[in-house]
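Colleague: The amino acid sequence is not available; the structure is as follows:
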C-alpha cells in the first residue's frame, strides 16, 4: 500500500468531500503535488505565527491567512476541473 504524503493529507482534511478526486489528481499531476506541499507549508507557517508573540506576528498572520485562502481557492478550482 502506498503512503499518502503529508501535503495531500492536509488537503484531504480541508476538502474531505473531494478526497477521491484529490488522490487521483495527486497521482497524476506534479503541479497539484506542489500545490499540496505549498498548502502544508503555509498551514504550518500560519500555526507558527498564530502562536508567536513577537511584534511582526499580526502582520505575518494576515499574510499567511490570505495566502492560505488563495491556495485553497486554487486547489478547489483544480479539483473541480479534474474529471
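Modeller: Perfect, thanks for sending it. None of these values were measured; they are calculated from a predicted model. Residues are numbered from 1 along each chain as shown.
Colleague: what about the closest residue to residue 32 other than its chain neighbours, helix or strand, and which?
Modeller: Closest residue to residue 32 apart from its sequence neighbours, by CB to CB, 6 or more residues apart in numbering: residue 25 at 4.7 Å. To be clear about C-beta, it is placed using only N, CA and C from the backbone, and glycine gets the same treatment. Per DSSP states H and E: residue 25 is located in helix 19-28.
Colleague: downstream neighbour of that helix in the secondary structure list?
Modeller: Next element after helix 19-28 (DSSP H and E): helix 30-51.
Colleague: Okay, buried residues for the next helix or strand along the chain from that following helix please.
Modeller: The C-terminal neighbour of helix 30-51 among helices and strands, as given by DSSP H and E, is helix 57-81. Buried residues in helix 57-81, counted by 16 or more other CB atoms under 10 Å: 60-61, 64, 67-68, 71-72, 75, 78-79.
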